[in-house]
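In: What follows is a predicted structure for the sequence shown.
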Amino acid sequence: MEGQKVINVMHNNQILQYIIMFMIFMGSAGHGFAYNEKQAMEEANMYLKNGQYLEAVGVYQDISDLSPRTEMKAGAILRMGDIYSYFLNNHDLALEKYTIVTKKYGNSAHAANAFLNAGMILYEKRSYKEALIQFKTYLKRFPHGDRKETAEFMIEMCSRPSTLTEKKQTLHAAKDETVRALIMSGVPEIRVESTSLLEVRDVDGKNRLNKFQTAVIGIAEGIITLNGTYLSNNGLVIMTAKGDMLSVNGAPYRGNLKIQKRTAGGMDVINILDVEAYLYGVVPKEMSPQWYPEALKAQAIAARTYVLYQKGKNKNRDYDAIASTTSQMYGGAGAEMEASNQAVDETRGMVILYNGQLALTYFHANSGGMTEDAKSVWNADIPYLRAVRDDYSIKAPNYSWTLSLSADEIRKALNHRGFEIGSIERLVPVDVSPSGRIQKIKIFHGGGEAIVKGTDFRIKIDPTLIKSTLFTMISEEDGIRLEGKGYGHGVGMSQGGAYIMAREGCSYSDILKHYYRGVEIR
């Protein structure tokens with residue numbers, strides 16, 4: 001069965017898109033804050049940069065809750081509004097966040113951006129009178145604001161709505177949709193080979209520099225070198241004359257390579273290829289190719305939807321996905337298997353939509369019997385990422401696990417990652433989500449008491465050891481024993497559950513609609 005060709009979801013209003021992107025990437029936070037606040041803001045910004053939008057919302061929410069400083073609180077709430085508006089397609093929640101900033105933190109410098117951004121959303125919703133109020137309020141409160149000209153322009157637009165041409169959100173088919181996957185970052189040198197001649201072009205891919213059988217690209221004194229020759233370019237593109245595969249440090253890849261200098265040092269290596277070819281290298285890394293075909297198809301559709309969602313939101317970034325669990329695993333052509341390739345081919349172009357837009361399709365290894373609300377994990381309210389009962393995952397391999405940790409192991413791991421924990425006396429779960437996952441843990445220690453989020457406790461210690469936050473804690477003589485279920489954050493599709501559903505005769509559509517509520521597949 002073949003679905004609609006690859007699609008792009010287009011934002012209704014390009015002006016709103018520009019303004020939101022400006023806000024997010026220019027930044028809202030001030031400087032000079034305490035170390036922990038700075039660390040949290042850096043973590044949130046990193047999540048946002050990497051396309052981990054729900055994780056970013058979670059950290060910004062923590063900043064707004066815990067920071068003692070008004071400007072920091074207001075800036076974090078503004079960021080959440082920006083993410084909901086542009087990255088998560090939820091304008092109502094964005095308006096809620098902007099309203100909090102303007103009403104609770106009206107004297108904050110961030111209130112100006114909240115008025116403007118709220119006005120842009122209302123304008124897009126064709127609520128011109130309400131939008132007009134926001135823009136006029138901005139000019140009245142911030143007559144010399146940085147976005148004065150934008151506000152004046154939008155007042156004029158709101159004043160003559162009859163001349164506007166209605167833009168409907170549409171799904172556009174694309175014949176040659178490509179994906180940019182970051183496969184290496186910060187490397188000092190790579191070796192590229194192919195069975196045919198390599199064609200090296202400038203960073204835009206326009207002007208051909210030369211042809212080689214082998215290309216050794218390095219960076220010395222901040223300058224990129226090609227086979228020992230210094231280049232004036234900050235990057236280059238490598239393709240094969242016959243469209244053959246490329247070998248990067250011995251590993252095969254389809255498509256082309258883009259190599260560019262990295263601000264923090266070294267080079268980034270980006271694989272540019274057709275989205276279906278990209279999925280050939282994703283599905284077998286995310287799910288065993290020996291699993292049932294319907295589970296592999298479900299994984300292919302979820303992975304395709306995820307990367308196209310990211311592609312649509314990251315036009316200003318150099319890549320759409322990272323070849324790791326930060327986005328989704330990708331192993332290039334060397335990872336391909338016949339069964340997983342077939343799953344990709346048989347679902348070609350098929351994606352998951354919610355209210356006509358691409359869904360943000362999170363998935364994990366095993367739910368432990370109950371998936372989790374995105375809101376319980378990251379404070380991000382996503383209607384199709386809600387908790388569902390999942391008896392299938394209970395039947396999957398490696399459903400349960402146990403782990404013993406000494407008090408000293410816990411203390412060292414947490415302190416190494418920014419906490420200030422003294423000698424631990426005991427740990428007590430103080431907040432549990434409806435699905436049974438631990439959301440907060442109180443740590444009684446020599447320095448007093450500390451509250452640690454369940455997700456932080458897991459990730460900061462070791463997410464491969466503490467496989468999920470669905471565990472019970474049992475005190476031992478020198479620490480605790482965790483008795484847990486499932487593996488991963490628990491949000492979205494359980495891969496183990498998908499395996500069992502396929503084994504019991506369910507289709508890929510049954511699987512996806514079980515884990516992503518209220519969606520359609522086409």
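Out: Alright, I've got the coordinates. Numbers count the residues shown, from 1 in each chain.

In: Report the mean confidence score over the biggest helix by length in the chain.
Out: When the chain is parsed with DSSP state H, its longest helix is helix 293-313. Across helix 293-313, pLDDT averages out at 96.

In: buried stuff in it?
Out: If you call a residue buried by 16 or more other C-beta atoms under 10 Å, then helix 293-313 has these buried ones: 294-313. C-beta coordinates here come from the backbone N, C-alpha and C atoms, glycine included.

In: Using CSV, list the CA coordinates for it.
Out: Below are the C-alpha coordinates for helix 293-313, written out as CSV (Å, rounded to 0.1, in the frame of the first residue of the first chain):
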residue,chain,number,x,y,z
PRO,A,293,6.5,-6.6,9.3
GLU,A,294,3.6,-4.6,10.7
ALA,A,295,5.8,-3.4,13.6
LEU,A,296,8.5,-2.4,11.2
LYS,A,297,6.0,-0.5,9.1
ALA,A,298,4.7,1.3,12.2
GLN,A,299,8.3,2.3,13.0
ALA,A,300,8.9,3.4,9.5
ILE,A,301,5.8,5.7,9.5
ALA,A,302,6.6,7.1,12.9
ALA,A,303,10.2,7.8,12.0
ARG,A,304,9.2,9.4,8.7
THR,A,305,6.7,11.6,10.4
TYR,A,306,9.3,12.6,13.0
VAL,A,307,12.0,13.7,10.6
LEU,A,308,9.6,15.5,8.3
TYR,A,309,8.2,17.4,11.3
GLN,A,310,11.7,18.4,12.3
LYS,A,311,12.5,19.3,8.7
GLY,A,312,9.5,21.7,8.6
LYS,A,313,10.6,23.4,11.8
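
In: Neighbouring strands of the helix or strand just after that helix in the sheet, and parallel or not?
Out: The first helix or strand that comes after helix 293-313 along the chain, using DSSP states H and E, is strand 321-322. Strand 321-322 sits in its sheet next to strand 178-187 (parallel), going by DSSP bridges.

In: how big is the angle separating the partner strand from helix 293-313?
Out: Interaxial angle of strand 178-187 relative to helix 293-313 (axes from the mean of the first three to the mean of the last three C-alpha atoms, to 10 degrees): 80 degrees.

In: can you list contacts of strand 178-187?
Out: Residues from elsewhere that reach strand 178-187 (C-beta atoms under 8 Å, 6 or more residues apart in numbering): 190, 248, 253, 255, 258, 262, 264-275, 278, 307, 311, 318-323, 330, 332.

In: ok, now with 7 Å
Out: Contacts with strand 178-187, where a contact means C-beta atoms under 7 Å, 6 or more residues apart in numbering, come from 190, 262, 264-275, 278, 307, 311, 319-323, 330, 332.

In: where do the strands sit along the stretch 101-250 of the chain?
Out: 171-173, 178-187, 189-202, 208-220, 223-226, 229-230, 235-240, 246-248 (DSSP state E, counting those that start in this stretch).

In: can you put these in JSON lines and add distance to residue 455 and mean pLDDT?
Out: JSON lines is the format used below for those (distance: least, C-beta to C-beta, whole Å; pLDDT from 0 to 100):
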{"stretch": "strand 171-173", "distance to residue 455": "34", "mean pLDDT": "47"}
{"stretch": "strand 178-187", "distance to residue 455": "24", "mean pLDDT": "95"}
{"stretch": "strand 189-202", "distance to residue 455": "35", "mean pLDDT": "91"}
{"stretch": "strand 208-220", "distance to residue 455": "36", "mean pLDDT": "88"}
{"stretch": "strand 223-226", "distance to residue 455": "39", "mean pLDDT": "90"}
{"stretch": "strand 229-230", "distance to residue 455": "46", "mean pLDDT": "88"}
{"stretch": "strand 235-240", "distance to residue 455": "36", "mean pLDDT": "91"}
{"stretch": "strand 246-248", "distance to residue 455": "34", "mean pLDDT": "95"}
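
In: Can I get those strands in TSV including distance to residue 436 and mean neighbour count?
Out: TSV is the format used below for these (distance: least, C-beta to C-beta, whole Å; neighbours: other C-beta atoms under 10 Å):
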stretch	distance to residue 436	mean neighbour count
strand 171-173	38	12
strand 178-187	36	20
strand 189-202	46	17
strand 208-220	49	15
strand 223-226	52	17
strand 229-230	59	10
strand 235-240	49	21
strand 246-248	44	22
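
In: Can you lay out the ones you listed as TSV showing distance to residue 346?
Out: Shown next, in TSV, are those (distance: least, C-beta to C-beta, whole Å):
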stretch	distance to residue 346
strand 171-173	19
strand 178-187	19
strand 189-202	29
strand 208-220	36
strand 223-226	41
strand 229-230	46
strand 235-240	28
strand 246-248	27
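
In: quick one: which of those is nearest residue 463?
Out: strand 178-187 (20.5 Å; C-beta to C-beta).

In: Which parts of the protein belong to which domain?
Out: The chain is divided into the following domains under automatic domain parsing: 11-163, 178-339, 351-395+490-521, 400-485.

In: among these, which is the most enclosed?
Out: domain 351-395+490-521 (a mean of 22; mean count of other C-beta atoms under 10 Å).

In: Show the average pLDDT along it.
Out: Domain 351-395+490-521 comes out at a mean pLDDT of 96.

In: who touches the closest residue in space to residue 145 that isn't next to it in sequence in this structure?
Out: Nearest residue to residue 145, sequence neighbours excluded (C-beta to C-beta, 6 or more residues apart in numbering): residue 112, at 5.0 Å. By C-beta under 7 Å, 6+ apart, residue 112 lies in contact with 138, 142, 145.

In: Just the CA coordinates for the helix or strand hosting residue 473, please, in CSV.
Out: If you go by DSSP H and E, residue 473 is part of strand 471-476. The C-alpha atoms that make up strand 471-476 are tabulated as CSV, following Å, rounded to 0.1, in the frame of the first residue of the first chain:
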residue,chain,number,x,y,z
PHE,A,471,9.9,2.0,39.6
THR,A,472,9.4,1.5,43.3
MET,A,473,12.2,2.2,45.8
ILE,A,474,13.2,-0.2,48.5
SER,A,475,15.7,0.9,51.1
GLU,A,476,18.8,-1.3,51.5
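
In: what does that strand contact?
Out: With C-beta under 7 Å, 6+ apart, strand 471-476 has contacts from 404, 426, 427, 429, 438, 480, 481, 482, 483, 484.

In: please redo it, this time with the cut-off set to 10 Å
Out: With contact meaning C-beta atoms under 10 Å, 6 or more residues apart in numbering, strand 471-476 is reached by 368, 400-407, 426-429, 432, 436-438, 441, 454, 458, 480-486.
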